[in-house]
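>>> need a 3D model of the sequence below.
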Amino acid sequence: MGFFCFFASGIYGQNQIIADSLETIYNSGNFEEKDRLQILFNLAKHHADIQKSLQYSNELLIRAKEADSTERIIGAYMEKGSAYRLKGDLSKALESFFEGVKIAKEKERNRDLGLLYSNIAIVYSIMGDDQNTILNYKNAISILKEENDSIGYANTLENLGNYNFELGQADSALVFFKQSGKIYKALGYKRGIAYNLGNIGLTYALKGENDIAEKNIGLATEMLEELGDYHPICVYLTYISDIYAERGDWDAAFGFAHKSLDLANQYSLKKQISDAYKKLSELYEKRGDTKESLKYYKSHIAFRDSVTNIGVVQEMANQRANYEVAQKQIEVDLLNEKKNKQDIIFTAMIIIAGLTIILLLTLYWYYRAISREKKTSENLLLNILPSDTAEELKEFGKVQAKKFDSVSVLFTDFKDFTRYSSSLTPENLVRSVDYYFSKFDEVIGKHGLEKIKTMGDSYMCAGGLHFHEDDHAIKMMQASFEMVQIMEESKNDSENIMAYDIRIGVNTGPVVAGVVGTKKFAYDIWGDTVNVASRMESNSERGKINISQNTYMLVKDTYDCEYRGEIEVKNKGMMKMYYVNNAKDSTI
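This next block holds a predicted model:
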């Protein structure tokens, strides 16, 4: 489901009362010229009609350039990008934010730069680009903390909490929400408190604690209605709909979902319209009305695809690169024109000779660059996909889903991650998780396993995705013991890395594997085997490797296993589980 973010430029959930008053003043012309830029900025920032917000942002940009006001030029790009993001036009949102970044760097306006990085991280998180999301959040946190911008720093922490929430890591999200909430309360920032309450409520809903969730969301909605801020209310209404659906109150559930859709349509909030259609589709499906469910799902897909037009984003990036190259060429031409007229003939000869050499070197460089880029792209593809899958994609341009009869799936989790991490700064938290996951990557690469993905403090990998591979369960046990060893050794490490205890769960069985997406590939696996592996991890203990009956049958002759008995597993009933203690042969 959708989840609401703060925008580091100030929360883009406009106060229409302020906007109406300012619009009346501006259209009447009853103001002093020196106040024009301030009025335009407030209209761009607070107007509930996104199209009008864009209109005032564009006018502000023109006027600010005429007045040579760096502050207002950056502000115009910031609010313009925020409005485009809310409309779902991610390519134009990034284009505006990147223009702001260029100016902020040139003018050394570090606070504005930090806010822009936070906004860019939000857009990349919507696109599913995890690498750029983390990079921009890291830059924003570092800059805003150094600049002592309490609001910007708190907003970025709130956004980072949202990012963890969308990965399904409720405990990690709460760590960041509680940090930002303290700052908002200390500053008496009502809008920040409202959003923080709502985000915390949504997170408790994810954890299944509906009473706490409903209380927090209710308080947030009341505050936001007073502020005239409707965008997040759309999100909260869909979650309240979920809560009532779980209770079996279908009239209330449908009522809140339709109210969310009406509000999103009223203010042209494309992403929230998509989410509301999806929620209604899910509700009708649960009620057994497949015809209505399909109708709303088709509407959801139409709006979702209009939000994530990633191909346009790539084209925009290419255009920016071409523009910068052209600007550099203009600078070179201007320098050449300043040379003394007496040296024209000599200079021309030098230029001709030089151009000939440059042409030859360029052709050679171009050939080498293409070769390097081809190798780089192939290596990048291998980092994302298994080798046989990558080869299939290169040869045919697509990948057929495959069924594997026997695959070992591993999940890890850091015990008490939330409790320990609450004492860390965001920088140290990200550095610690990155440290462990990098080590895990080395381990699975060593044993010929495949990394599937990471989700907050959870790590998922699989073995047996290569055909004719029969020892994947043994390799998974070897990797598991090395992961445990890494965690133990870190407790004596002098580096500034937080020490955690790890829980590991492994299950073996059939899965379906394939590639999701056409513009940004993501390799994933599906099936009940994956769900059971996750349950093995959640039923494990610190420092232990918990395996299912299926995995036990494959490793029992190689490893000493301790039978735990049959244990109740959510949605699965009673299942046999085993702890793997050590290898029977010490050389393994």
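
>>> going forward, measure contacts and count neighbours with C-alpha atoms only.
Fine.

>>> need the helix or strand of this structure with the lowest average pLDDT.
helix 310-337 (a mean of 46; mean pLDDT, DSSP states H and E).

>>> where along the stretch 401-550 of the chain do the helices fall?
With DSSP state H, counting those that start in this stretch, the ranges of helices along the stretch 401-550 of the chain come out as 417-421, 426-446, 472-490, 528-538, 549-555.

>>> now those helices in a markdown table, with mean neighbour count and mean pLDDT?
Below are those laid out as a markdown table (neighbours: other Cα atoms under 10 Å; pLDDT from 0 to 100):
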| stretch | mean neighbour count | mean pLDDT |
| --- | --- | --- |
| helix 417-421 | 17 | 76 |
| helix 426-446 | 16 | 90 |
| helix 472-490 | 20 | 94 |
| helix 528-538 | 22 | 95 |
| helix 549-555 | 19 | 96 |
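
>>> in JSON lines: these, plus distance to Tyr117.
Converted to JSON lines, these look like this (distance: least, Cα to Cα, whole Å):
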{"stretch": "helix 417-421", "distance to Tyr117": "24"}
{"stretch": "helix 426-446", "distance to Tyr117": "15"}
{"stretch": "helix 472-490", "distance to Tyr117": "32"}
{"stretch": "helix 528-538", "distance to Tyr117": "34"}
{"stretch": "helix 549-555", "distance to Tyr117": "45"}
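
>>> closest one to Glu59 among those?
helix 426-446 (37.7 Å; Cα to Cα).

>>> ok, residues contacting the closest one?
138, 141-142, 157, 176, 421, 450-451, 457, 459, 461, 479, 482-483, 486-487, 496-498 (Cα atoms under 8 Å, 6 or more residues apart in numbering).

>>> give the contact list for Gly354.
Contacts of Gly354 (Cα under 8 Å, 6+ apart): none.

>>> if we can go back for a sec, of the helices of the stretch 401-550 of the chain, which is nearest Val123?
helix 426-446 (19.6 Å).

>>> neighbours of the residue lying closest to Ser490 once chain neighbours are set aside, how many?
Counting by Cα to Cα, 6 or more residues apart in numbering, Ala499 is the residue found nearest to Ser490 once chain neighbours are left out, at 6.0 Å. Neighbours of Ala499 under the rule other Cα atoms under 10 Å: 18.

>>> ok, Ala499 touching Lys491?
Yes. Using Cα atoms under 8 Å, Ala499 is in contact with Lys491, at 5.3 Å.

>>> dump the residue contacts of the residue nearest to Ser490.
Ala499 neighbours (Cα under 8 Å, 6+ apart): 487, 490-491.

>>> now it: phi and psi?
Per-residue torsions, Ala499: phi -90, psi 130 (degrees, to the nearest 10).

>>> and for Thr133?
phi -60, psi -50.

>>> per-residue confidence at it?
Thr133 carries a pLDDT value of 90.

>>> what about the closest residue in space to it that isn't next to it in sequence, helix or strand, and which?
Leaving aside its sequence neighbours, Thr133 sits nearest to Ala121 (Cα to Cα, 6+ apart; 4.5 Å). Using DSSP states H and E, Ala121 falls within helix 110-127.

>>> other residues contacting that helix?
With Cα under 8 Å, 6+ apart as the test, helix 110-127 has contacts from 5, 7-9, 74, 78, 82, 85, 90, 93-94, 97, 100-101, 104-105, 130, 132-137, 139-144, 147, 149, 152, 156, 159, 163, 308, 310.

>>> my read: Ile452 touches Cys461, true?
Yes. If you go by Cα under 8 Å, Ile452 and Cys461 touch, sitting 5.0 Å apart.

>>> so which of the two has more stuff around it?
More crowded of Ile452 and Cys461, by other Cα under 10 Å: Cys461, with 22 against 18.

>>> is the more buried one in a bridge, and if so with what?
Listed by DSSP bridges, the beta-bridge partners for Cys461 are Leu410, Lys451.

>>> state the pLDDT value of it.
pLDDT for Cys461: 96.

>>> separation between it and Ala48?
As for Cys461, its distance to Ala48 is 45 Å (criterion: Cα to Cα, to the nearest Å).

>>> Thr356 now?
In terms of Cα to Cα, Thr356 sits 59 Å off from Ala48.

>>> those two: who's more crowded?
Ala48 (26 against 12).

>>> that one contacts Leu269, correct?
No. Judged on Cα under 8 Å, Ala48 makes no contact with Leu269 at a distance of 10.0 Å.

>>> what angle do the host helix or strand of Leu160 and helix 426-446 make?
For Leu160, the element it lies in under DSSP H and E is helix 150-166. With axes from the mean of the first three to the mean of the last three Cα atoms, to 10 degrees defining the directions, helix 150-166 sits at 30 degrees from helix 426-446.

>>> how far does the very next helix or strand once past helix 150-166 sit from the chain's center?
Downstream of helix 150-166, the first helix or strand assigned by DSSP H and E is helix 170-187. What separates the centre of helix 170-187 from the centre of its chain is 18 Å, taken as Cα atoms, centre = their mean, to the nearest Å.

>>> same check, this time on stretch 38-57
For stretch 38-57, the distance to the chain centre is 27 Å (Cα atoms, centre = their mean).

>>> same thing with stretch 159-172?
The answer for stretch 159-172 is 9 Å, by Cα atoms, centre = their mean.

>>> what about that stretch, how long is it end to end?
Span of stretch 159-172 from end to end, Cα to Cα: 12 Å.

>>> identify each buried residue in that stretch, please.
159-166, 168-172 (16 or more other Cα atoms under 10 Å).

>>> what is the longest strand seen in the chain packed up against?
Longest strand of the chain, by residue count under DSSP state E: strand 501-516. Contacts defined by 3 or more Cα pairs under 8 Å, 6 or more residues apart in numbering; DSSP states H and E place strand 501-516 against strand 402-415, helix 472-490, strand 522-526, helix 528-538, strand 545-548, helix 549-555.

>>> tell me the strands beside it, with direction?
Here, using DSSP bridges, strand 501-516 pairs with strand 402-415 (antiparallel), strand 522-526 (antiparallel), strand 545-548 (parallel).

>>> deepest-packed of these, please.
Comparing those by mean neighbour count (mean count of other Cα atoms under 10 Å), strand 545-548 comes out on top with a mean of 27.

>>> thanks a lot, see you next time.
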